[in-house]
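> Structure for this input, please:
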Amino acid sequence: MITAKKKYYQITSLEKGIKVLELLADQKALTVSQVAVNLGLNRAASHRFLATLKDLGYVEKNEDNSYQLTFRVLELGMTVVNRSEVKQEAREFMQELAQACKETINLGHWDGRYILHLDKIDSCEILRIDAPLGSKTPAYCTALGKAILAHLSKDELDAYLARTRLVRHGPNTIVSRKKLRQELKQTFVNGYAVDDEELTKDLRCVAAPVFDHTGKARYALSISAPAMRLTINAIEKIQPQIKDVSQRLSARLGYRPLPAALAKP
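Residues are numbered from 1 along each chain as shown. The predicted structure follows:
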């Protein structure tokens, strides 16, 4: 069911409408009946929500009578992204990395479940594998995500793992919670994370966390490229630079590191 204990200010119909949008974002295209089943609605209510969202321009109806999101939703998200301080501040640092390594540079934000791709600079190479702006990817099998997860508190990480199903995406996806915890501990020690064909076959990434003024690792920068170019040896050579750039961007955002004695063990 959609609602649990209703708060006095809660507008149930608005909540249900947002749930419909979130469902379509996850499932791409669904019929009236499928939306009803997924959200515990009756068919008439499901139809009213979809018809209203269609009139507002947020969904469109396909020839097979299924509904899917329109770019109107993306426009809202990108408006927020474009106003984001971190995107504006990160651009020069991303350009520095792009000039140095000639590969795709990504800026990601962790929303508590997924990594949202806020900005990127494409590689000039013909062969590249890129995540579209505004797209979201699992945190546990991406370098951007692991760079951030490694800096969560124990309680935060426990909560994330409790609500996250570790699904295999690439040939090397870590699907064991124990192994993922070990990986994140090593990532914390190293100061950078590696995606070694964990999200996608033949893709490698290296990422470092970006901290905001509150001291939280809410963002990360990554370098991504086909595995044939971004070898493990290549990652070892460029990881000091991405760590340095990410640290300087963190300082630009107002981050001041804790004394070593107070840092996460």
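> excluding its backbone neighbours, what's nearest residue 151?
In space, and not counting its chain neighbours, residue 151 is closest to residue 217: 3.9 Å by Cβ to Cβ, 6 or more residues apart in numbering. (Each C-beta comes from the backbone N, C-alpha and C, glycine too.)
> Then residue 53?
Once flanking residues are discounted, residue 53 sits nearest to residue 59: 4.4 Å by Cβ to Cβ, 6+ apart.
> For the one you found, report the pLDDT, please.
pLDDT for residue 59: 91.
> what about it, distance to residue 75?
From residue 59 across to residue 75, the span is 14 Å (Cβ to Cβ, to the nearest Å).
> between the two, which one's more packed in?
Legend: neighbour count by other Cβ atoms under 10 Å for residue 59 and residue 75, higher for residue 59 (23 against 11).
> Thought residue 68 was touching the more buried one, still the case?
Yes. Counting by Cβ atoms under 8 Å, residue 68 is a contact partner of residue 59 at 6.5 Å.
> Can you name every helix or strand that the strand or helix carrying residue 26 contacts?
Assigned by DSSP states H and E, residue 26 falls within helix 12-27. Judged by 3 or more Cβ pairs under 8 Å, 6 or more residues apart in numbering; DSSP states H and E, the packing partners of helix 12-27 are helix 32-39, helix 43-55, strand 67-69.
> neighbours of the spatially closest residue to residue 180 that is not a sequence neighbour, just the number please.
Spatial nearest neighbour of residue 180, excluding adjacent residues (Cβ to Cβ, 6+ apart): residue 174 at 4.8 Å. For residue 174, the neighbour count with other Cβ under 10 Å is 19.
> What pLDDT does the model give residue 174?
pLDDT at residue 174 comes out at 97.
> follow-up on the earlier one: could you point out which of the helices and strands packed on helix 12-27 sits nearest residue 153?
helix 32-39 (32.5 Å; Cβ to Cβ).
> For the closest one, list every residue counted as buried.
Neighbour counts over helix 32-39 (16 or more other Cβ atoms under 10 Å) mark 32, 35, 36, 38, 39 as buried.
> going on from the helix or strand bottoming out on mean pLDDT in the chain, what's the next piece of helix or strand?
In the chain, the helix or strand scored least confidently by mean pLDDT, DSSP states H and E is helix 71-83, which has a mean of 67. Downstream of helix 71-83, the next assigned helix or strand under DSSP H and E is helix 85-101.
> Helix, strand, or coil at residue 210?
Judged by DSSP: H, G, I helix; E, B strand; the rest coil, the three-state class of residue 210 is strand.
> wait, residue 205
Residue 205 ends up strand, using three-state DSSP.
> give the contact list for it.
Shown in contact with residue 205 (Cβ atoms under 8 Å, 6 or more residues apart in numbering): 106, 142, 143, 144, 194, 195, 199, 222, 223, 224, 225, 230.
> Okay, and the beta partners of it?
Counting by DSSP bridges, residue 205 is bridged to residue 195, residue 224.
> gap between it and residue 141?
Using Cβ to Cβ, residue 205 is found at 10 Å from residue 141.
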